[in-house]
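1. Sequence and predicted structure below; questions after.
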Amino acid sequence: MPKILSVAALLLCVAMLGIKVPGALADDKTPTVTAADRVLGKSNAPVTLIMYASLTCPHCAAFDQEKLPLIRKDWIDTGKVKLVYRDFPLDGAALLAAAIARCAPTDRYFAFIGSLFESQSRWVLAQDPVDALKRVVRLGGMDGAAVDKCRADTKLQEAIVAGAEEAKNNYAVESTPTFFVIGPNGVSTRLVGDLPYADFAKALGDAMPKS
């Protein structure tokens, strides 16, 4: 699974954007849902699955394309689980893609994330990733001018990088994908990597309220 080498390395990738990240004290905690989060599923679902991912991470793409459809069918669409997606960009391309997805209409956010993961190999390996990203999101209704506006929004990108810093320092996230399965009692289970669906099903089932 791809690891973030250091916050400094990420900042080097985005230095030309003028992004600064506030410091945070190391304190391994359980993350909680905030108003800024993008949530898939019913807000009152008893179990929360928080996913930290990088849009350039192939293991994250594999999870999104192979495991997430099963989790949606068995857990999210049935009202048992809600998924919170959080960006943990490993490089400048992932940061730009994350910002573009954030600029999309809220109700289309997860569709954009899915499209970016599905087409990952095309835009990540492209000679001009920005142009390739513009082609991908154009199919979702975002034109080149909207992409350029996102590229210029350093405050948005700063917030994304700060979120990754918080995840690393507060929740000990070091690689992608990293998941937290949080039950209604606040107890969490950490899962790391593109694990078999059975591992997710067990953790989600164990977190369900007992009748």
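-> Arrived safely. Not measured: the values here are computed from a predicted model.
2. Could I get the phi/psi values of the closest residue in space to residue 179 that isn't next to it in sequence?
-> Closest residue to residue 179 apart from its sequence neighbours, by CB to CB, 6 or more residues apart in numbering: residue 191 at 4.3 Å. All C-beta atoms are positioned from the backbone trio N, CA, C, and that covers glycine. Dihedral pair for residue 191: phi -120, psi 140, per degrees, to the nearest 10.
3. Kindly report the same for the one 3 residues further on.
-> Reported as degrees, to the nearest 10, the phi and psi values for residue 194 are phi -80, psi 80.
4. and the gap between the residue lying closest to it once chain neighbours are set aside and residue 171?
-> Leaving aside its sequence neighbours, residue 194 sits nearest to residue 59 (CB to CB, 6+ apart; 4.2 Å). Residue 59 is 18 Å from residue 171, where distance means CB to CB, to the nearest Å.
5. what's the answer for residue 192, then?
-> The gap separating residue 192 from residue 171 is 12 Å, by CB to CB.
6. same deal with residue 161?
-> With distances taken as CB to CB, residue 161 is found 15 Å from residue 171.
7. Repeat that for residue 191.
-> According to CB to CB, residue 191 stands 13 Å off from residue 171.
8. Quick check: neighbours shared by those two?
-> Common neighbours of residue 191 and residue 171 (criterion: CB atoms under 8 Å, 6 or more residues apart in numbering): residue 180.
9. if we can go back for a sec, out of residue 161 and residue 171, which sits in the more crowded spot?
-> A side-by-side neighbour count of residue 161 and residue 171, using other CB atoms under 10 Å, places residue 161 first with 24 against 20.
10. Am I right that that one sits in a helix?
-> Yes - per DSSP: H, G, I helix; E, B strand; the rest coil, residue 161 lies within a helix segment.
11. before we move on, back to that, residues near the residue nearest to residue 194, how many?
-> When neighbours are counted by other CB under 10 Å, residue 59 registers 18.
12. can you check residue 61 too?
-> Number of residues near residue 61 (other CB under 10 Å) recorded here: 23.
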